[in-house]
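Trainee: let's see this in three dimensions:
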Amino acid sequence: MERKTSKIACLKCRHFYVTWDEFFPRGCKALGFKSREVPSKVVFGSSGIECQKFEPKKSGKAG
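Mentor: Prediction:
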């Protein structure tokens, strides 16, 4: 059986943050939770759909 995974890259999302909690080091501000895994993986694992709150980070480069 093929295992499906989330294709959302939380590190590129504006809602992703790193916490100070050693047990739950990754968080999502949009959904309001912290986890051991990347938040998009938790969302996909619990709902079976990709994260609907993904927003790309704004580039800091002037262009």
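Trainee: make it CA atoms for all contacts and neighbour counts henceforth
Mentor: Fine.
Trainee: now do the helices in this protein.
Mentor: 39-47 (DSSP state H).
Trainee: what's the burial count for the nearest residue to residue 19 once chain neighbours are set aside?
Mentor: Leaving out its chain neighbours, the residue that sits closest to residue 19 by C-alpha to C-alpha, 6 or more residues apart in numbering is residue 25, at 4.9 Å. By other C-alpha atoms under 10 Å, the residues close to residue 25 number 15.
Trainee: ok, residue 43 next?
Mentor: Counted with other C-alpha under 10 Å, residue 43 comes out at 16.
Trainee: ok, now residue 39?
Mentor: Counted with other C-alpha under 10 Å, residues neighbouring residue 39 total 25.
Trainee: can I assume it is in contact with residue 25?
Mentor: No - at 10.3 Å, residue 39 does not count as touching residue 25 under the criterion of C-alpha atoms under 8 Å.
Trainee: against residue 34, how distant is the spatially closest residue to residue 33 that is not a sequence neighbour?
Mentor: Spatial nearest neighbour of residue 33, excluding adjacent residues (C-alpha to C-alpha, 6+ apart): residue 27 at 5.7 Å. Distance, residue 27 to residue 34, using C-alpha to C-alpha, to the nearest Å: 4 Å.
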